[in-house]
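Novice: Take this sequence and fold it.
(4 chains)
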Protein chains: 2
Amino acid sequence: MEDVAAALRHDRGRLGRSSTAEKVADILRDRIADGSFVPGERLSEESIGAVLEVSRNTLREAFRLLGHERLLEHRLNRGVFVRVLSAEDVADIYRVRRVIEGAAVRQGANVTPAALAMIKEAVTEASAAAREGRWQDVGTANIRFHQSLAALNGSPRLNETMRQLLAELRLVFHVMRNPRSFHEPFVARNLELVELIESGRTAEAERALESYLNDAEELLVRAYIPEP
Amino acid sequence: MEDVAAALRHDRGRLGRSSTAEKVADILRDRIADGSFVPGERLSEESIGAVLEVSRNTLREAFRLLGHERLLEHRLNRGVFVRVLSAEDVADIYRVRRVIEGAAVRQGANVTPAALAMIKEAVTEASAAAREGRWQDVGTANIRFHQSLAALNGSPRLNETMRQLLAELRLVFHVMRNPRSFHEPFVARNLELVELIESGRTAEAERALESYLNDAEELLVRAYIPEP
DNA sequence: AACATAAGAATCGTTGAACAATTCGACAAG
DNA sequence: CTTGTCGAATTGTTCAACGATTCTTATGTT
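Specialist: Numbers count the residues shown, from 1 in each chain, chains lettered A, B, ... in the order given. Below you'll find the model as predicted:
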């Protein structure tokens, strides 16, 4: 009975949060994540409102939500645009990742089996997707890997920050020509990292993560095409 | 010519970012910060809209903004309320602070003189305010201290996260009966911490920060009165 | 008196229309 | 080629309306 109540309490969250604005935000978030909306693209209030059959006011509330998540950029009197990340943005994102994921690894000594299982699952899925050449899925699994890695901190707020951060990163992926060259090299290193954590070699894991993020950042900035 | 362009590019930021909704959000943020709105209080769309002379739609956009900053809580069909933090919220905030400020201190070895000056200024102001018994100001200076400490990370995103976090913490301060007993003990420790950083004793500074945050959290949770 | 129930008031959620303010592109004038 | 002007298109903001949900209060039953 106790566990049922807990499960229901978890589902409860989905009930209350059903305002039209938030549902619209969810939809748009997904469309941005999967690349239907390209970075730099303008999102017209009128046309999107017409397609989704919501009023402009409601749509604007949704835009505010996503603007605060840094997925949309609000320019006064000009509308909202899908965010275009600069090289400095990428650098800053990796700065934050080093802090949050670094802290997570440092706490990796006392990792719960459940948390470790989630991390491992993401790794194996990334490997499977890589073997079959589904590079888009490799990227997704990779994001899940880092998300569950950051979860070792045990902080809802850090989880949320991490979620936003990785959603921003996806914006960069979509302007890359060759996703394979970026994602492929890191599948093996994910596995290496999780083994270091599992065996309790915290210091080594920390160093591995450091070089991991350094390499990823450099590769990303290099493959990145800033707008003219 | 080059430097003029750079200066103008800097000023550019002030042009675009003034929409009524955001200005309203700024006002409400201040009123929440200074305690004019008490945690748990409901913010009526109609009455506040009437006073500020903005339409309900504009006000709702502002509410969305502050909701995303966790200062307001949005309950469907019931309105927005000033956030009431639970004990778990406080614990989580300190979890994040340990991560962010810890990373900042760890990078404290290569601190720029300008950044150090900002930190010191906050410390001296806190001391001055404490000497004169202005405990509200002590709290404000203390927040500035930790904000500029976190800035050692050199990350705009972490600065923003920290700003939000400390704004949330202020919500707790406002339901405390005796602000003096909370703020007073930490003025001296601020000074101690900054001296450790300045002299490059990173490991000691890290330990000092750790115990600092532990003590503050415990004191805060103890002095905290959760709602029935 | 205590409790459940139902009517009513208040407030939110959402829509649609309207108008002012601003941007942008085209086109003419210098 | 630059500058100024006009007009179309889009956003910013307000207003009024109505259904939906919650809160309050009065009513009636046990």
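Novice: continuing past the helix or strand in which A:D30 is found, what's the next helix or strand?
Specialist: According to DSSP states H and E, A:D30 maps onto helix A:20-33. Note on helix A:20-33: by DSSP H and E, the next helix or strand toward the C-terminus is strand A:42-43.
Novice: so what does that following strand touch, helix or strand wise?
Specialist: Contacts defined by 3 or more CB pairs under 8 Å, 6 or more residues apart in numbering or on different chains; DSSP states H and E place strand A:42-43 against strand A:79-82. Bear in mind the C-beta positions are built from the backbone N, C-alpha and C, glycine included.
Novice: Please identify the pairing partners of the strand it packs on and their relative orientation?
Specialist: Here strand A:79-82 has these sheet partners by DSSP bridges: strand A:42-43 (antiparallel), strand A:72-75 (antiparallel).
Novice: Residue of chain A nearest DNA strand C, please.
Specialist: Here chain A gets closest to DNA strand C at one residue, A:T20, 2.8 Å apart by CB to the nearest atom of the strand.
Novice: residue contacts, A:R83?
Specialist: By CB atoms under 8 Å, 6 or more residues apart in numbering or on different chains, the contact set of A:R83 is A:P39, A:R70, A:L71, A:L72, A:E73, A:E168, A:L171.
Novice: try A:L191
Specialist: Counted by CB under 8 Å, 6+ apart, A:L191 has contacts A:V123, A:S127.
Novice: Please, which helix or strand holds it?
Specialist: helix A:179-198.
Novice: Quick check: buried residues in the next helix or strand after that helix?
Specialist: Moving toward the C-terminus from helix A:179-198, the next helix or strand (DSSP H and E) is helix A:202-222. Residues of helix A:202-222 classed as buried by neighbour count (16 or more other CB atoms under 10 Å in any protein chain shown): A:E204, A:A205, A:E206, A:A208, A:L209, A:Y212, A:L213, A:A216, A:E217, A:L219, A:L220.
Novice: Helix A:202-222 versus helix A:179-198: what angle between them?
Specialist: On the basis of axes from the mean of the first three to the mean of the last three CA atoms, to 10 degrees, helix A:202-222 is oriented at 170 degrees to helix A:179-198.
Novice: Just want to check the distance between A:L66 and A:I48.
Specialist: In this view, A:L66 and A:I48 are 12 Å apart by CB to CB, to the nearest Å.
Novice: any idea how far the spatially most central residue of chain A is from B:S18?
Specialist: Most central in chain A under CA atoms, centre = their mean is A:L166, positioned 2.4 Å from the mean C-alpha point. Using CB to CB, one gets 31 Å for the distance from A:L166 to B:S18.
Novice: what's the answer for A:E184, then?
Specialist: For A:E184, the distance to B:S18 - CB to CB - is 46 Å.
Novice: Between those two, tell me which one has more neighbours.
Specialist: A:E184 (14 against 10; other CB atoms under 10 Å in any protein chain shown).
Novice: Excluding chain neighbours, what is closest to that one?
Specialist: Nearest non-adjacent residue to A:E184, counting by CB to CB, 6 or more residues apart in numbering or on different chains: A:A130, 6.4 Å away.
Novice: which residues are in contact with the one helix or strand that neighbour maps to?
Specialist: For A:A130, the host element (DSSP H and E) is helix A:113-131. With contact meaning CB under 8 Å, 6+ apart, helix A:113-131 is reached by A:135, A:137-138, A:140-142, A:144-145, A:147-149, A:151-152, A:183-184, A:187, A:190-191, A:194, A:197-198.
Novice: List buried residues within the residues you listed.
Specialist: Judged by 16+ other CB under 10 Å, buried ones among the contacts of helix A:113-131: A:135, A:137-138, A:140-142, A:144-145, A:147-149, A:151-152, A:183, A:187, A:190-191, A:194, A:197.
Novice: Out of those residues, which are close to DNA strand C?
Specialist: With CB under 7 Å from any atom of the strand as the criterion, those include none near DNA strand C.
Novice: Chain A against chain B: which residues are in contact?
Specialist: Contact residues, chain A versus chain B (CB under 8 Å from any CB of the partner chain): A:16-19, A:21, A:57, A:60-61, A:64-65, A:68-69, A:74-76, A:92-93, A:95-96, A:98-100, A:102-103, A:153-158, A:161, A:165.
Novice: go again using 6 Å as the cut-off
Specialist: By CB under 6 Å from any CB of the partner chain, the residues of chain A that approach chain B are A:16, A:19, A:57, A:61, A:64-65, A:68, A:75-76, A:92, A:95-96, A:99, A:103, A:155-158.
Novice: Please narrow these to those residing in helices.
Specialist: A:16, A:57, A:61, A:64-65, A:68, A:92, A:95-96, A:99, A:103, A:156-158 (DSSP state H).
Novice: and DNA strand D, which of the residues you listed contact it?
Specialist: A:N57.
Novice: mind checking the backbone torsions on A:R83?
Specialist: phi -60, psi 140 (degrees, to the nearest 10).
Novice: ok, now how distant is the residue nearest to it when sequence neighbours are not counted from A:L65?
Specialist: Leaving aside its chain neighbours, A:R83 sits nearest to A:E73 (5.0 Å; criterion: CB to CB, 6+ apart). Taking CB to CB as the measure, A:E73 and A:L65 are separated by 14 Å.
Novice: okay, those two: which has more neighbours?
Specialist: Per other CB under 10 Å, whichever of A:E73 and A:L65 has more neighbours is A:L65, with 23 against 17.
Novice: Report the separation between the closest residue to that one other than its chain neighbours and B:L213.
Specialist: Spatially, and ignoring its direct neighbours in sequence, A:L65 is nearest to A:A25 (4.4 Å; CB to CB, 6+ apart). Applying CB to CB, the value for A:A25 to B:L213 is 34 Å.
Novice: Right, I'll call it a day here.
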